[in-house]
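J.: attaching a predicted model along with its sequence, questions to come.
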Amino acid sequence: MKAVQFSKPGDPEVLQVQEVPDPIPGPQDVLIEVKATTVNRLDLFQRAGSRPVGQLPFTPGLEAAGVVLQDANGFRAGERVLTENAQTAKGGGGYASKIAARASDLARIPDGVTFEQAVAVGLAGSTAWASLFDLGRLKAGERVLVWAGSSGVGSLAIQLAKHAGAWVVTTASSEERADLVRKLGADEVINYRKQDLAKALAGDKGVNLVLELVGSTLQTSIDASAVDGRVVLVGNLGGQEATVNTQSWRLKRVHVFGGGMLHTSVQNIQQILELVAEKAVTPLIARILPVEQAAEAHRLLASGEPQGKIVLIHS
Ligand SMILES: NC(=O)c1ccc[n+]([C@@H]2O[C@H](COP(=O)([O-])OP(=O)(O)OC[C@H]3O[C@@H](n4cnc5c(N)ncnc54)[C@H](OP(=O)(O)O)[C@@H]3O)[C@@H](O)[C@H]2O)c1
């Protein structure tokens, strides 16, 4: 089989197509022909050497959507499946054309949902769900701030929060991106380059939950919170450091949760896929490229230009 791998950390050019042995499924596994995967920021960090990987050569790709090749562990040959744990699969990650994934990691892709849509749900959907509901405890009628609305995680979080009956405010860096996130259902959009978000929300009673994808904006998130608000730390798009006023944090009794590696259950991922099938949720796909162009995909993601997920497909 083919796999796009790197043998040493470095620039995107270290990603090369290699001929590698097919994975041998273990007793808990299901053998899958991978049709699509995505590029995540973690792939860039792993390739550049700033996040440790196991053994070299290494095959990136956190998600994989594909077709079951042999009946195994309750799955039938020909079924379409998704895992957001492709890196723990034998032969994985998702930049490989075949993987042997644990059956317990697999969601079934419903009719009407493409492989590209399914992988675009993958980790981003799992993270959005886990931060909104598992950790964030979002309830209908609450107000939520989702930073970076056009990101893979943000674009799904907006839609899942709206579907759950919340009021959603989000951020965008341009009018074009603001229009996009309004179409996804955001009730209010703040251009953080032109407006001070905390001031823009000052007349309101504050938000009950913040999905903090930027990190460096923690003080703004605290300022935007209602009394007893919750802030879930999801990412560091703006950097790892933040300066906070502990007095405003303390007096407002804001609960800040470190999200860690956020994953929800396979059952919840299945629910998101069903919402996609019902057209209640639309994964935002920025670009679809052949997996052989993984280096170009890495450069694109690093540029900050894409709105939504970059999907890589296996031919
Ligand atoms: N904890 C976990 O388990 C987990 C899992 C997945 C992702 N993450 C993290 O979540 C974050 C989002 O990931 P993603 O893959 O969804 O991102 P992405 O699709 O690459 O989205 C990037 C978008 O974020 C916005 N952005 C970038 N810098 C910003 C800043 N300083 N302030 C506000 N907005 C900014 C930009 O949109 P605008 O130009 O419109 O601002 C940009 O297009 C990342 O930090 C990622 O590492 C965490």
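T.: Yes, it's here. Computed from a predicted model, the values in this text were never measured in an experiment.
J.: and the next helix or strand past the helix or strand Ala100 falls within?
T.: Under the criterion of DSSP states H and E, Ala100 resides in strand 98-102. Following strand 98-102 in sequence order, the next helix or strand is strand 107-108 (DSSP H and E).
J.: report all helices and strands that that next one contacts.
T.: Helices and strands touching strand 107-108, by 3 or more C-beta pairs under 8 Å, 6 or more residues apart in numbering; DSSP states H and E, are strand 80-83, helix 266-277. Heads up, the C-betas are built off the backbone N, CA and C, glycines and all.
J.: name the residues that touch that strand?
T.: For strand 107-108, the external contacting residues (C-beta atoms under 8 Å, 6 or more residues apart in numbering) are 79-83, 266, 269-270, 273.
J.: mind putting the residues you listed into JSON lines with pLDDT, neighbour count and distance to Ala286?
T.: Listed next are the contacts of strand 107-108 as JSON lines, based on pLDDT from 0 to 100; neighbours: other C-beta atoms under 10 Å; distance: C-beta to C-beta, whole Å:
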{"residue": "Glu79", "pLDDT": "98", "neighbour count": "16", "distance to Ala286": "28"}
{"residue": "Arg80", "pLDDT": "98", "neighbour count": "19", "distance to Ala286": "23"}
{"residue": "Val81", "pLDDT": "98", "neighbour count": "21", "distance to Ala286": "24"}
{"residue": "Leu82", "pLDDT": "98", "neighbour count": "30", "distance to Ala286": "19"}
{"residue": "Thr83", "pLDDT": "98", "neighbour count": "33", "distance to Ala286": "22"}
{"residue": "Val266", "pLDDT": "98", "neighbour count": "19", "distance to Ala286": "26"}
{"residue": "Ile269", "pLDDT": "98", "neighbour count": "24", "distance to Ala286": "21"}
{"residue": "Gln270", "pLDDT": "98", "neighbour count": "16", "distance to Ala286": "25"}
{"residue": "Leu273", "pLDDT": "98", "neighbour count": "24", "distance to Ala286": "20"}
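J.: got CSV for those, with distance to Phe257 too?
T.: Converted to CSV, the contacts of strand 107-108 look like this (distance: C-beta to C-beta, whole Å):
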residue, distance to Phe257
Glu79, 36
Arg80, 34
Val81, 31
Leu82, 27
Thr83, 26
Val266, 23
Ile269, 21
Gln270, 25
Leu273, 26
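J.: what is the mean pLDDT for the strand holding Ala100?
T.: Averaging pLDDT along strand 98-102 gives 98.
J.: what ranges do the helices span in the stretch 101-250 of the chain?
T.: Here the stretch 101-250 of the chain has its helices, by DSSP state H, counting those that start in this stretch, at 115-129, 152-163, 175-183, 197-200, 218-224, 246-252.
J.: worst mean pLDDT among those?
T.: Of all these, mean pLDDT reaches its minimum on helix 197-200 (a mean of 88).
J.: does anything pack onto that helix? Which helices or strands?
T.: helix 218-224.
J.: find the residue at the geometric middle of this protein.
T.: Ala124 (1.7 Å; C-alpha atoms, centre = their mean).
J.: in contact with that one, which residues are there?
T.: Shown in contact with Ala124 (C-beta under 8 Å, 6+ apart): 38, 151-153, 155-156, 283, 309.
J.: will you turn the helices and strands packed on strand 107-108 into a markdown table that also has distance to the ligand?
T.: Listed next are the helices and strands packed on strand 107-108 as a markdown table, based on distance: least, C-beta to the nearest ligand atom, whole Å:
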| stretch | distance to the ligand |
| --- | --- |
| strand 80-83 | 15 |
| helix 266-277 | 13 |
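J.: report pLDDT for Asp204.
T.: For Asp204, pLDDT reads 73.
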